[in-house]
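Colleague: Show me the folded form of this:
(one chain, ligands or ions: 1)
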Amino acid sequence: MSGDSAFEDINEVKADMDHIYNQSDPRAYFHELNKLDYAIPDTAKPIFQKLIGHLQQRHNDTVHVLDLGCSYGINAAILKHDLSMDELYEHWGQKKMTGATSQEVVAYNQKFFADIDTSLDIEVIGLDQAENAIAFGEESGLLDEGLAVNLETEPLSALAKEKLAPVDLVMSTGCVGYLTEKSFDRLLPAVTEGQQPWIANFVLRLFPFDAIEKSLDKWGYVTEKLEGQTFFQRDFASDDEQEQVLEQLCDRGVDPSGKEAEGHFLAEFYLSRPMKDVAEVPIERLLEA
Ligand SMILES: C[S@@+](CC[C@H](N)C(=O)[O-])C[C@H]1O[C@@H](n2cnc3c(N)ncnc32)[C@H](O)[C@@H]1O
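Modeller: As a prediction, the model looks like this:
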């Protein structure tokens, strides 16, 4: 899926989830990922909330977010409606979902999300290559705007570029690795058209971030990694997956003991901001409680 050969090799060791990414609704996505305790949107949530809080103070206005690899609008659901992955797993696992048509599921979700107060003043543009997932995100009201595009292989349309100009925060969970620096090279001219948004990526320790960091550097961004913290992403799908991941990590000189060796994927947090913002408030201070 990734156009980068190094990432392609790494992706080989991960369980293939492509079959759940582009369905007409997220039932299969939640069913499968619940088995692996997929939780990165949850573990990332407090960091995103802090970043949004800072940007809200700065602009005193709605924060415009671009969620890369947004899937069905998962981060939007969690952030806009202050939900947890457990609540979403419960919601999607309900009996009434089984056997419902996709239209019924959409209608049910429109009501479910409309009835929960919006907790953050954000607008979310979701970008994903999975057009059915994007359509669901838009129809259910989770995404304010959806862009179905594979940034690894296609450029952004003129219309998409226009929609991306007001973005204040670009974020991603579970997406770098599918996306390489090629996607960021295509994205950066559009999102920096009006201003320089902050770029916040949760990245599995399996994937090196240096090529993306280098691309962002060309656009005047300084990338900081939040040191000393890892974020639970999901359990390994099999012993075989774990074994291969440990091997890859060791090959890259990343020590998995006490971490991935315990049975789960871990992500790290990278924040890329314009030089002057980093100089003003470094990442640790920005994110302290
Ligand atoms: C593991 S899911 C993460 C979804 C969501 N961010 C979350 O954490 O729940 C990865 C997502 O990346 C998307 N994706 C994979 N390759 C992509 C590409 N080249 N361009 C855009 N999206 C892509 C998939 O369709 C999928 O929705």
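
Colleague: Is there proximity between stretch 43-53 and the ligand?
Modeller: No: judged by C-beta under 6 Å from any ligand atom, stretch 43-53 makes no contact with the ligand; its nearest approach is 8.0 Å. The C-beta positions use only the backbone N, C-alpha and C, and glycine is treated the same way.

Colleague: Quick check: residues of the stretch 151-289 of the chain near the ligand?
Modeller: By C-beta under 6 Å from any ligand atom, the residues of the stretch 151-289 of the chain that approach the ligand are 151-152, 173-175, 178-179.

Colleague: what kind of secondary structure is Phe7 in?
Modeller: Using DSSP: H, G, I helix; E, B strand; the rest coil, the structure places Phe7 in helix.

Colleague: Distance of it relative to the ligand?
Modeller: 10 Å (C-beta to the nearest ligand atom, to the nearest Å).

Colleague: Counting neighbours, which of the residues of the stretch 151-289 of the chain next to the ligand comes out on top?
Modeller: Thr173 (29 neighbours; other C-beta atoms under 10 Å).

Colleague: ok, now which ones touch it?
Modeller: By C-beta atoms under 8 Å, 6 or more residues apart in numbering, the contact set of Thr173 is 40-41, 44, 69, 74-75, 202, 267.

Colleague: Including secondary structure, could the residues of the stretch 151-289 of the chain next to the ligand go into TSV?
Modeller: Formatted as TSV, these follow (three-state DSSP):
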residue	secondary structure
Leu151	coil
Glu152	coil
Thr173	coil
Gly174	coil
Cys175	coil
Tyr178	coil
Leu179	strand
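
Colleague: tell me the two of those residues that are most distant?
Modeller: By the measure C-beta to C-beta, Glu152 and Thr173 form the most distant pair in these, at 17.8 Å.

Colleague: Now Ser102. Nearest residue, chain neighbours left out?
Modeller: Ser24 (4.1 Å; C-beta to C-beta, 6 or more residues apart in numbering).

Colleague: tell me the secondary structure for that neighbour?
Modeller: Applying three-state DSSP: Ser24 is coil.
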